[in-house]
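Asker: Predicted coordinates and the sequence they were generated for:
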Amino acid sequence: MSRILIVARNTFREAVRDRVLYNLVFFALLMIACAVLVGQISMDIESVVMVSLGLSAISLIGLLIAIFTGVGMVSKEIDKRTLHAVLAKPLHRWEFLLGKFSGLVLTLTVNTAAMAAGLFLAMLFVKHAIVGSDTVVLVAIYFILLKLSLVVALAMLFSCFTSPLLAILFTGGLYLAGLFLAELRNLQTTQLNPQTQKFLAFLSYLLPNFGNYDVMGAAAHGRSIPASLILHNTLYTILYCAMVLSVAALVFSRKDLK
Amino acid sequence: MPAKSAAWALLLVLPVGFAGVWRLQRHVNIEREAMHQEQDEVLVRSPRLMKMMTLEYSPLIADIYWTRAVQYYGGKRLGQDTNLESLWPLLDVATTLDPNLLPAYRFGATFLGEPEPRGAGRPDLAVKLLERGMQANPDAWRLNQDLGNIYYLELKDFPKAGQAYLDGSKKPGAASWMKIMAARFLEKGDSREIASLLWAEVLESSNDQTIKENARINLELLKSDEDIDQLNEITVRFSRKVGRPPRSIREMIQAGFIGGEPQDPAGHPYVIGADGTAAISEKSPLFKEKSVYRKPL
Amino acid sequence: MKKRIADALFYFRVYVFAPQTAWAIDDAKRISKNETMTAPAIETQNLSKQYPHGFLHLKKKTSLQGLTMQVQSGEVFGFLGPNGAGKSTTIKLLMGIIFPTAGTAQILGKPVSDVSMHRDIGYLPEQPYFYDYLTAAEVLDYFGRFHGFSAAERGERVQKVLKTVALETAGKIQLRKYSKGMLQRVGLAQAILHDPKLVILDEPMSGLDPVGRREVRDIILELKNAGKTILFSTHILSDAETLCDRVGVIAGGKLRGVGAPGSIVGVQATGMEIVFELAESAVNAQQILAKATRSGMNFRISVIEGELYAALGELRAAGAKIISVTQIKPTLEDYFLELVGQDRAQAAAIEVSGK
């Protein structure tokens, strides 16, 4: 267990020195600037717009980091052979993988938290007060984090057996598919024959359903989110990540490295 | 090489995992469904703001909003939810971001204009949308057609309907019947025949399946209205002759008032209702449509 | 004396891999050690590695075939071979970086798949590269954590090892600013940080200037004196000659021979070389010079050992000035080049024949 933490800590440190600080500050400032702008334009709904824009931006940036860093982490280590020296230590390959995962999730958490702080500052600036119902935004951000963790797990899985470019495409594609399928389940267009509909419904359960994490409407309007949803989403993420990472660990453990 | 047993263990664990995922997903679906509210459909409703934010990507975002509008409508119909209040904002933003998005104008014309429950019941918004569309697309005579239809069918404003068609007939590529119909509007006023013609034209010319379907049903309902009126004339004659209203179509056939079993446009025979008037059979698909389309408000 | 000769003859076995080269196996000292033995530090049996190759991954490329060898505890073993011969492949197989397609290997008595035995191994990968944004001290600290040292002990060891590889002043600079040679030294540092029993170095001298190489050589010797077993691969023959107790020569994926560097090249010297000065006008000069090659101001002539004194006499009679007389031993290089030349010819033949 502790070996996983050793790798995690190192991954975090490497990431911190590399990217995080820059986009944190940049984004936070950008948020506040946008807040001012938004305030000038639309009169009555600044809060709604700001929250939805803010959450979208946090989600997007988080997603980019999750995909690119998630893929890059393993690929880079293999490519540059930093991995070789580490694997010479008394450490199982799966421990290494889990450590990398934990480290990146930790990085994303810090990242997201900082951006969230920026968002709250912007909200404060625009509304001149933060009320209890604004804590829903925290839940929305937590959901974004859950989503990002799952994306990272997928990114790592793909990077274990395909080239970095393909891994990025697959992960991004799977994310979009997950969103789309969630939409599609609600849609059930009559233009598709029943078999296709059934198949798509099946897929929407099988593939990671990223629509689960979208609570922007509730967050923007300050409505509370049921605790049971929070629980179920958390369990869903944990379970799905566990499965993805197990497969990744298995693949990684048998892979011939360069 | 790590033990193969790890692979086998995983093979067993994965299905269990997926079963768990499945169940959790079910829960999540239910909870999200319950959580969803109408106001969540369109979060950024300000067209101005969107226009400013999306810059050169406006047409792309317009497409997204437009697609969303179609999905929204379809979803509502399927879920038999009659609340269409987000349709206008979606179309409003879409057409502001891309004023040349003709399909959006046409879709909006139909489904904003149609009365509830099958439309939003806001012909005023439909008019507004169409006027914006016509301003941005001066050559689109089809929009005139849609405008005229709204005025004629929903707002019952025949002069304005005629004017719309007349203006449209002057645009390049306009169909020749635009001018003729303009005259008819002013001449005949409210007429089922004209309404049928209008719907028939929409049915034939539209490329959008949803709009076509809507037109088809309207057309069939109008036809069935006509049929029922004719049948009722016969039932009146029957009751005058026999002294009481007929109890079934067969009775009327046996008594020699009708030649054969009249069928509604969906292919089902008409029936005589309890009050002695003709009606669409409950087994007919048209019955269901009628209950939606002509729901008493 | 008699026993010695008997021993020598007994242990003198000839492996014929190439017609004109005879090999001697380990000298008596090593063999007797064998008898009272601790298990070999590294042992492989028929270790092989094939890669799928070609467009649809249908063909197979063999990068290592049937490697069976042993590295004894406490010795310095050199893996020699041209590039692509299979040295790195072997080492990676041993370290569990790639997996064999056939055969087995054990390190310190445990199969290579057992990562717990990594505790006692230090490994320097070829072309090491470490995390850009960390400093050398931090990287070493990171690696040190896996061995369960206390924070204080880690700090001490890190400092000590930085000093050993002459990087103590650069300890706080981020690795992305390091030169290749410095990275090599960091790599070496992390390999010896935890005082392992066995050190495996993949091309430790690459990227180093002569000073650096000397330092690495000294470190290797220090490690040897401390009783550690060292396996390293190189294609620099002189390093192998000076450092190794034994060498294994790999070419074309196969082990061609194992033995002490001196014995590999043959027991007997093949002749003597005389360097001399001779005026061309001297008596008999043309006769002698015909057999000699010019070398700057001097001439060289090779004679077999038996004829040495006759030749010297001839030269003295002609009034030549003798500059030097040296033994000609075929070097490792000669043997090496011959092997490689054979391999290439074979490979070319195979390519041409299309098999």
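Answerer: Received, thanks.
Asker: Quick check: the closest residue to chain A within the stretch 151-297 of chain B vs chain C, distance?
Answerer: Going by C-beta to the nearest C-beta, chain A is nearest to residue B:209 of the stretch 151-297 of chain B, at 6.8 Å. C-beta coordinates here come from the backbone N, C-alpha and C atoms, glycine included. Applying C-beta to the nearest C-beta, to the nearest Å, the value for residue B:209 to chain C is 45 Å.
Asker: Report how many residues lie close to that residue.
Answerer: Neighbours of residue B:209 under the rule other C-beta atoms under 10 Å in any protein chain shown: 11.
Asker: What is the subsequent helix or strand relative to the lowest-mean-pLDDT helix or strand in chain C?
Answerer: The weakest-scoring helix or strand in chain C, judged by mean pLDDT, DSSP states H and E, is helix C:28-35 (a mean of 44). Once the chain leaves helix C:28-35, the next helix or strand it forms, by DSSP states H and E, is strand C:42-53.
Asker: Quickly run through the sheet partners of that following strand, with directions.
Answerer: Strand C:42-53 pairs in its sheet with strand C:59-71 (antiparallel), strand C:102-107 (antiparallel), by DSSP bridges.
Asker: Show me chain B divided up by domain.
Answerer: What automatic domain parsing lists as the domains of chain B is B:48-137, B:224-293.
Asker: Next, see if the shortest one gets close to chain A.
Answerer: No - in this structure, domain B:224-293 remains apart from chain A according to C-beta under 8 Å from any C-beta of the partner chain; the gap is never smaller than 13.8 Å.
Asker: same deal with stretch C:253-266?
Answerer: No - applying C-beta under 8 Å from any C-beta, one finds stretch C:253-266 out of contact with chain A, separated by at least 15.8 Å.
Asker: Find out how far that stretch is from the centre of the chain, if you would.
Answerer: Its chain's C-alpha centre and that of stretch C:253-266 lie 10 Å apart, by C-alpha atoms, centre = their mean, to the nearest Å.
Asker: in chain A, what residue is nearest chain B?
Answerer: The nearest approach of chain A to chain B comes at residue A:217, 2.5 Å away (C-beta to the nearest C-beta).
Asker: That residue against residue B:32, yeah?
Answerer: No - here residue A:217 lies out of contact with residue B:32, judged by C-beta atoms under 8 Å, at a distance of 10.1 Å.
Asker: Neighbours of residue B:7, how many?
Answerer: By other C-beta under 10 Å, 14 other residues sit near residue B:7.
Asker: ugh, wrong one, I meant residue A:106
Answerer: By other C-beta under 10 Å, 16 other residues sit near residue A:106.
Asker: Just give the nearest non-adjacent residue to it, would you?
Answerer: residue A:12 (4.9 Å; C-beta to C-beta, 6 or more residues apart in numbering or on different chains).
Asker: on that earlier part again, in terms of pLDDT, where does the residue of the stretch 151-297 of chain B closest to chain A sit?
Answerer: pLDDT for residue B:209: 85.
Asker: Check the offset of stretch A:150-157 from the chain's centre.
Answerer: Counting by C-alpha atoms, centre = their mean, stretch A:150-157 is centred 9 Å from the centre of its parent chain.
Asker: Any part of it near chain B?
Answerer: No - judged by C-beta under 8 Å from any C-beta, stretch A:150-157 stays clear of chain B, getting no closer than 11.1 Å.
Asker: low-scoring stretches of chain C, by residue?
Answerer: Filtered on pLDDT under 70, chain C yields the residue ranges C:1-38, C:263-270, C:283, C:329-333, C:339, C:343, C:346-355.
Asker: Get me the contact residues on it for chain A.
Answerer: Residues of chain C found near chain A, taking C-beta under 8 Å from any C-beta as the criterion, are C:51, C:92, C:95-99, C:115-119, C:121-134, C:138, C:142-143, C:145-147, C:187, C:190-191.
Asker: same question, chain B
Answerer: With the criterion set to C-beta under 8 Å from any C-beta, chain B comes near chain A through B:1-2, B:6-7, B:10, B:13-14, B:17-18, B:20-22, B:24-25, B:27-29, B:31-32, B:34-37, B:39-41, B:43-46, B:48-49, B:52-53, B:71, B:74-75, B:78, B:209.
Asker: Now do the helices in the stretch 1-150 of chain A.
Answerer: With DSSP state H, counting those that start in this stretch as the definition, the stretch 1-150 of chain A shows helices at residue ranges A:2-15, A:21-41, A:46-80, A:82-87, A:93-127, A:135-161.
Asker: now those as TSV including mean pLDDT?
Answerer: Shown next, in TSV, are the helices of the stretch 1-150 of chain A (pLDDT from 0 to 100):
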stretch	mean pLDDT
helix A:2-15	87
helix A:21-41	67
helix A:46-80	84
helix A:82-87	87
helix A:93-127	87
helix A:135-161	94
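Asker: ok, back up a step: and the residue nearest to residue A:106, what is it in contact with?
Answerer: Neighbour list for residue A:12: A:103, A:106-107 [criterion: C-beta atoms under 8 Å, 6 or more residues apart in numbering or on different chains].
Asker: With residue B:195 instead?
Answerer: Contacts here follow C-beta under 8 Å, 6+ apart; on that basis residue B:195 touches B:152-153, B:218, B:222.
Asker: just the buried members of the residues you listed?
Answerer: The neighbour count (16 or more other C-beta atoms under 10 Å in any protein chain shown) marks B:152-153, B:218, B:222 as buried among the contacts of residue B:195.
Asker: Out of those residues, flag the one nearest to chain C.
Answerer: Closest to chain C, out of all of the buried ones among the contacts of residue B:195 and judged by C-beta to the nearest C-beta, is residue B:218, at 59.6 Å.
Asker: Verify the contact between the closest one and residue B:292 for me.
Answerer: No - Residue B:218 is not in contact with residue B:292 according to C-beta under 8 Å; the separation is 11.6 Å.
Asker: how about TSV for the strands paired with strand C:42-53, with mean neighbour count added?
Answerer: Below are the strands paired with strand C:42-53 laid out as TSV (neighbours: other C-beta atoms under 10 Å in any protein chain shown):
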stretch	mean neighbour count
strand C:59-71	18
strand C:102-107	18
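Asker: Next, count neighbours for residue C:178.
Answerer: Neighbour count for residue C:178, taken as other C-beta under 10 Å: 20.
Asker: Quick one: name the residues of chain C near chain B.
Answerer: Residues of chain C lying near chain B by C-beta under 8 Å from any C-beta: C:99-100, C:113.
Asker: Recalculate using a threshold of 10 Å.
Answerer: C:96, C:99-100, C:111-113, C:115 (C-beta under 10 Å from any C-beta of the partner chain).
Asker: need the helices for chain B, in chain order.
Answerer: Remark: helices assigned in chain B by DSSP state H are B:4-35, B:47-54, B:58-78, B:87-97, B:102-113, B:123-136, B:141-149, B:158-169, B:177-188, B:192-205, B:209-242, B:249-254, B:285-293.
Asker: try the stretch 251-355 of chain C
Answerer: Under the criterion DSSP H, counting those that start in this stretch, helices of the stretch 251-355 of chain C are mapped to C:261-264, C:285-291, C:308-317, C:332-353.
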